[in-house]
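Enquirer: Attaching a predicted model along with its sequence, questions to come.
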Amino acid sequence: MSISASLVMELRSRTGAGMMECKKALTETNGDLEAAIEHMRKTGMAKADKKADRIAAEGRVAIAFAKDAKRGAIVEVNCETDFVGGGPDFVAFVGAVAEAALAANAGTLEALSAAKLSDGTTVDETRRALVAKIGENLALRRVELLTAKGTLTSYLHGTKIGVVVDVAGGSVELAKDIAMHVAASKPMCVSADQIPAELLAKERTIVEAQAAASGKPPEIVAKMVEGRLRKFAGESSLLGQPFVKDPDTTVEKLVKQAGATVHGFVRYAVGEGIEKAKGDFVAEVMAQARGG
């Protein structure tokens, strides 16, 4: 049967897919628009599954808060390239994912995938449809829900680093400064006593070997070890770090002067821990040009 251009355009406007893909779907469903949409969604799922093993290490971090700033959600959603990461479809999707996580209280990837978006589709259904439209693997990488003891404050450094801090007391400006500091300095935890015991034990083994190699007397070596461990703990914990805006004071002093308490924080950086594929871009383009 003949498929009109107006029908193809309507399907394209509703799915965002290419003209040829829309026409093909309409032809296969005898011009039935709703059946074509369902067909394309099924096709999109197949495409999403085929692309699922491709490395997605770019993307965005998004944060959503309840109106009272007592509850929040932070998510990282990945794509394959910066170009897609800055595209309007992907940007809107990541923001919607954060809102869905908060609304559905979805603290796991499984729950987040099943959470409903405002249009009634699930997060995973929309993700798969976007894979078909965009042509890249898109992945929900992580999500965390937060319930504040104080008040939640966020900081986004561009789109790649997102921080949420839980601060009681002080000012909004102080909380923003602390969130900015976390983004820049990557502390492991709030205070030194929160550093995992196994990590401290591992660090002790290293500094003991270094100190012993100095050839100094055992009592001096012991003091060197304890001093280096204190330095490690200070550099690793938020309160022990020099404040990024004023290195002459620590975050702990800053917080105490303001009569505030930092209860916790979450810091996400896009792609951290993902081993990115290394390829020859020119060779890839040439291979595609040759049909390889």
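Expert: Thanks, I have the structure now.

Enquirer: Only C-alpha atoms from now on, for both contacts and neighbour counts.
Expert: Noted.

Enquirer: Can you tell me the element the residue lying closest to Ala258 once chain neighbours are set aside falls in?
Expert: Of all residues not flanking Ala258 in the chain, Gly170 sits nearest, at 5.1 Å (Cα to Cα, 6 or more residues apart in numbering). According to DSSP states H and E, Gly170 maps onto no helix or strand at all.

Enquirer: Against Ala98, how distant is Gly170?
Expert: 27 Å (Cα to Cα, to the nearest Å).

Enquirer: Within the helices and strands, which one has the most centrally placed residue in the chain?
Expert: Residue closest to the average C-alpha location in the chain (Cα atoms, centre = their mean): Glu76, at 2.3 Å. Using DSSP H and E, Glu76 sits in strand 71-79.

Enquirer: ditto for Ala179
Expert: helix 172-185.

Enquirer: Can you give me the buried ones in that helix?
Expert: Leu174, Ala175, Lys176, Asp177, Ile178, Ala179, Met180, His181, Val182, Ala183, Ser185 (16 or more other Cα atoms under 10 Å).

Enquirer: just checking, the second one touches Val163?
Expert: Spelled out, that is Ala175. No. Assessed by Cα atoms under 8 Å, Ala175 is found out of contact with Val163, at 11.0 Å.

Enquirer: re the thing from before, mind checking what helix or strand follows the strand holding Glu76 in sequence?
Expert: Toward the C-terminus from strand 71-79 - assigned by DSSP H and E - lies helix 82-85.

Enquirer: tell me the mean pLDDT over that next one?
Expert: For helix 82-85, mean pLDDT is 90.

Enquirer: Run the chain-centre distance for it.
Expert: Centroid separation for helix 82-85 versus its chain: 14 Å, with Cα atoms, centre = their mean, to the nearest Å.

Enquirer: can you check stretch 216-230 too?
Expert: 40 Å.

Enquirer: List of residues touching it?
Expert: Contact partners of stretch 216-230, identified using Cα atoms under 8 Å, 6 or more residues apart in numbering, comprise Leu200, Glu203, Arg204, Val207, Glu208, Ala211, Ala212.

Enquirer: Max pairwise distance over those residues: which two?
Expert: Leu200 and Ala212 (17.8 Å; Cα to Cα).

Enquirer: wait, what's in contact with the closest residue to Ala106 other than its chain neighbours?
Expert: In this structure, Ala106 finds its nearest non-sequential neighbour in Leu112, 5.1 Å apart by Cα to Cα, 6+ apart. With contacts defined as Cα under 8 Å, 6+ apart, Leu112 is in contact with Val97, Ala100, Ala101, Ala104, Ala106, Val123, Val143.
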